[in-house]
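Q: With the sequence up front, the predicted model follows.
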Protein chains: 2
Amino acid sequence: MAKVSVRTYSRYSREAMTLLGNLIRAARIEREMTAQEVAERAGISRGLLQRIEKGEPKCELGATFEVAALVGVKLFDIEATTLNGHIRQTEDKLALLPKSVRKKVKVADDDF
Amino acid sequence: MAKVSVRTYSRYSREAMTLLGNLIRAARIEREMTAQEVAERAGISRGLLQRIEKGEPKCELGATFEVAALVGVKLFDIEATTLNGHIRQTEDKLALLPKSVRKKVKVADDDF
DNA sequence: AAATAATGATCTATATATAACTCATAAAGC
DNA sequence: GCTTTATGAGTTATATATAGATCATTATTT
């Protein structure tokens, strides 16, 4: 059938996904875990794990992070123990920031 | 209707998703971009952006990374310019690692 | 305080990711 | 080299995420 919607991705996010996939695959092999094994533990199919390791965009974020955690890939290069602290930090920051962003109405007399 | 499948997530991945969502939201607000605006530029709906910022697991990895890139959240704390290098590194590593993991057959006489 | 714009929340139809299979190939270990 | 197991790739049915809408609420700016 005809393809209905095509989504595009920036180079940066494509590369980030590729990198994440590679990191996961390398970590899995280093830990001597089969794809089957990891998939089972993560509660996903082997096919999905394959796609995650390939860095394909159309995977569930949750499944991807779960797998990463499982094989020991650190997201954000942050230690598990400090994750909470970082969350707290962002919450504090968000508390200070405005709750909603108001677009400036275009100013007519701008440069004089 | 009855819920059909429930997926569970480890604490680490849940926290990682929450953190990512928070980082994205903070970055978006700091850059004074409305949710609408970011969603449009990323080619996704505002509803999906909301869920991404909430750190919900069932979002597309690609969409999430795309949004992160858009508002300037660095994945892996890695500069855009060096991403390629990191990919290369993992590829080199993968080239050295075994292509498939062979499970050791259970050793009967293990502890003597 | 009033006006207005942004966000939060919820709903439905539809596109699509996923699980579960199969088969072919490759590679590890003996 | 041989055997066996892991992986790669493809297919299909089904569960489900997403877009797109609406409405209520909140927050910003004047």
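A: Structure's in. What do you need? Everything numeric in this text was worked out from a predicted model, so none of it was measured. Numbering: from 1, shown residues only, chains lettered A, B, ... in the order given.
Q: Next up, phi/psi of residue A:60, please.
A: phi -70, psi 130 (degrees, to the nearest 10).
Q: how far away is it from residue A:15?
A: 20 Å (C-beta to C-beta, to the nearest Å). The C-beta positions use only the backbone N, C-alpha and C, and glycine is treated the same way.
Q: what does stretch A:32-51 contact?
A: Here stretch A:32-51 makes contact (C-beta atoms under 8 Å, 6 or more residues apart in numbering or on different chains) with A:28, A:53, A:58-60, A:63, A:66-67, A:70-71, B:7-8, B:100-101, B:103.
Q: and if we set it to 6 Å?
A: Applying C-beta atoms under 6 Å, 6 or more residues apart in numbering or on different chains, the set of residues contacting stretch A:32-51 from outside is A:28, A:59, A:63, A:66, A:67, A:70, B:101.
Q: ok, now stretch A:14-22?
A: Residues outside stretch A:14-22 that contact it (C-beta under 6 Å, 6+ apart) are A:53, A:54, A:55, A:57, B:65, B:75, B:83, B:86, B:87, B:90.
Q: near DNA strand C, anything from whatever helix or strand residue A:18 lives in?
A: Using DSSP states H and E, the element containing residue A:18 is helix A:11-30. No: on the criterion C-beta under 7 Å from any atom of the strand, helix A:11-30 is out of touch with DNA strand C, staying 8.9 Å away.
Q: Now that helix: buried residues?
A: A:12-29 (16 or more other C-beta atoms under 10 Å in any protein chain shown).
Q: just stretch A:74-86 next, same as before
A: In stretch A:74-86, counting by 16+ other C-beta under 10 Å, buried: A:74, A:75, A:76, A:78, A:83, A:86.
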